[in-house]
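In: next input, structure requested:
(one chain, ligands or ions: 1)
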Amino acid sequence: MCMFNKLKHFINGEWVDSSDSKVIDVINPANEEIIGQISDGTVEDLNYAVQSAKQAFSSFSKTTKKQRIRLLNRIANEYEKRKEDIVKTITLELGSPITKSEERHYTMGLSHFRQAAKELESFQFTEEHDSTLIHKEAIGVSGLITPWNFPANQVATKLAAAIAAGCTTVLKPAQLTPFTAIIIAEVLEAANLPKGVFNLVNGSGKVIGEGISSHPDIEFVSFTGSGPVGKKITKNAADSVKRVSLELGGKSPLIVLDDYDMKKAANIVLSNVLFNTGQGCAAATRVLVSQNKHDEFVKSIKEEVPKYSVNDPQLHNTFIGPLVSEKQYNQVQEYIEKGLKNATVVVGGTGKPEGLEKGYYVRPTVFTNVQNNMAIAQEEIFGPVISILTYENLNEAIEIANDTIYGLAGYVIGKDKEKIEKISSSIRAGRIVINGTPADYSTPFGGYKQSGNGREWGKYGIEEFLEIKAVIGEAK
Ligand code: TAP
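Out: Got it, this is the predicted structure:
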């Protein structure tokens, strides 16, 4: 039975039919049943959306800061009214445990709209440099391409920043989790966003994603997702010299210092990596412990893992739901098989947890005796899989931590301030998290190296959607 039948795109302020009747089924990963359908959008649909965003740009880019602050707050208010729908939908389409959909996913989406409004209060769109006035202007029609792992957060962070900057937008959400984006479109409609400022075209990455990347009337693409797709988007964008902001994957290191309680350290690691069933780009999946503390840490991991229950995401005490799709399930199984061949398994393994044969459930798995050149230490698995490596001294730990193509995040757990400072200044990554401290939405999020080249969240996210103009002689 179809629960969601959302075949229309949102273009130019209205819900419109697709130009083709092809549809995409959306699956509930907890039971593998179809929960609804979306349209498999076409280039024609995309062109209409871009044209409407282009038309809206001239007036929307001239709106005042005050107008956009009011708009962002209206959006946040309407978003709050849809809380129950958003929470339930994220659980249905992503498989996120219902409590996490509420506490984390829903809240992150809301926070970006509120934060963007707050940032605008003090944001300077002009600066004086002697006789020159520097203006920061909306970059233009922006294409937003989002992944499935945080359906509300990923859409909201891009959209809030684009609206704050005065840009008009065309969004293509991931086909695996499109219904949260559809609710957000309804939220924007209810908030009376001027028509054409936001357009939603559902469909595949191949057609709509590539169409956005190469469209001559789109000035900027903000993408979050995998490295290979990010590279493809950059290549497709080259002909029209559009700016591309990439938020890609990671294989983030976490260094545990000897002076910390190993049980507490194990729980910081587990709650970080097992959240969202390991489907997080900044997950701390490469854990470095000293040789002295290795056995104690591994023992703590073994004892603590059972507290993170894998179960139906509708149940309130579930910590780990299913993976999002069969493809993701197979990918994670392949990595666990590789780990079993090359390293020592501490807990978990291949196959589904007992009693959860239907749905894309996996066993949280931890490996030790991992060498840094192994696939499980270097490649993004995007599942609840942790690799433990050992170090002899801090310099070696830092060297191993940096020996990766990624640089999204780095983590340290410990007490010694000097060592923490040395680690945080030496790890080449966009954010360093000390002792599991929760992030604040005004801080930048983004990667070094192959984890990307842009920043999201707070004022840093708004800056991505701006061009800089110097008007020489304008200042007194
Ligand atoms: P991607 O393929 O990167 O999908 C992300 C978004 O890009 C989706 O909206 C996708 O559309 C779209 N897309 C796909 N091909 C495109 C193209 N040629 N041009 C423009 N857009 C395109 O991610 P995935 O396949 O869902 O996941 C694969 C792996 O990527 C995961 O296992 C994980 O390692 C990584 N991943 C990383 C992140 C983050 S946050 N760094 C998020 C998701 C996945 P569709 O609707 O067709 O999928």
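In: bridging residues for residue 256?
Out: Beta bridges link residue 256 to residue 413, judged by DSSP bridges.
In: how about it, what does it touch?
Out: By CB atoms under 8 Å, 6 or more residues apart in numbering, the contact set of residue 256 is 262, 265, 269, 287, 288, 289, 290, 293, 297, 413, 414. Just so you know, the C-beta spots here come from the backbone N, C-alpha and C atoms, and that holds for glycine as well.
In: tell me the one among those residues nearest to the ligand.
Out: Among the contacts of residue 256, residue 287 lies closest to the ligand (CB to the nearest ligand atom), at 18.6 Å.
In: so what pLDDT did the residue of the stretch 351-476 of the chain found nearest the ligand get?
Out: Of all residues in the stretch 351-476 of the chain, residue 382 sits closest to the ligand, at 3.7 Å by CB to the nearest ligand atom. With respect to pLDDT, residue 382 has a value of 98.
In: pull out the buried positions in the helix or strand containing residue 271.
Out: If you go by DSSP states H and E, residue 271 is part of helix 262-274. Within helix 262-274, the residues that count as buried by 16 or more other CB atoms under 10 Å are 262, 265, 266, 267, 268, 269, 270, 272, 273, 274.
In: distance from the chain centre to stretch 438-457, please.
Out: When C-alpha coordinates are averaged (CA atoms, centre = their mean, to the nearest Å), stretch 438-457 and its chain have centres 10 Å apart.
In: and it with the ligand, contact?
Out: No. Using CB under 6 Å from any ligand atom, stretch 438-457 never reaches the ligand; the gap is at least 7.8 Å.
In: any idea of the mean pLDDT in that stretch?
Out: 97.
In: now the end-to-end length of it.
Out: 14 Å (CA to CA, to the nearest Å).
In: cool, stretch 405-414 as well?
Out: 25 Å.
In: repeat that for stretch 248-265.
Out: First-to-last distance for stretch 248-265 - CA to CA - comes to 27 Å.
In: picking that back up, work out for me the element the residue of the stretch 351-476 of the chain closest to the ligand sits within.
Out: Here residue 382 is assigned to no helix or strand, by DSSP H and E.
In: ok, it - contacts?
Out: Residue 382 neighbours (CB under 8 Å, 6+ apart): 149, 249, 278, 279, 328, 331, 332.
In: least confident secondary structure element in this protein?
Out: Least confident helix or strand of the chain, by mean pLDDT, DSSP states H and E, is strand 4-6 with a mean of 88.
In: distance between that one and the chain's centre?
Out: 24 Å.
In: how many other residues sit next to the residue of the stretch 251-400 of the chain found nearest the ligand?
Out: Nearest to the ligand, among the residues of the stretch 251-400 of the chain, is residue 281, at 3.3 Å (CB to the nearest ligand atom). If you count neighbours by other CB atoms under 10 Å, residue 281 ends up with 25.
In: pretty sure residue 459 contacts residue 119?
Out: Yes. Between residue 459 and residue 119 there is a contact at 4.6 Å, judged by CB atoms under 8 Å.
In: what residues do these two have in common as contacts?
Out: residue 442.
In: where does the stretch 51-200 of the chain come near the ligand, residue by residue?
Out: Residues of the stretch 51-200 of the chain lying near the ligand (CB under 6 Å from any ligand atom): 145, 146, 147, 148, 149, 172, 174, 175.
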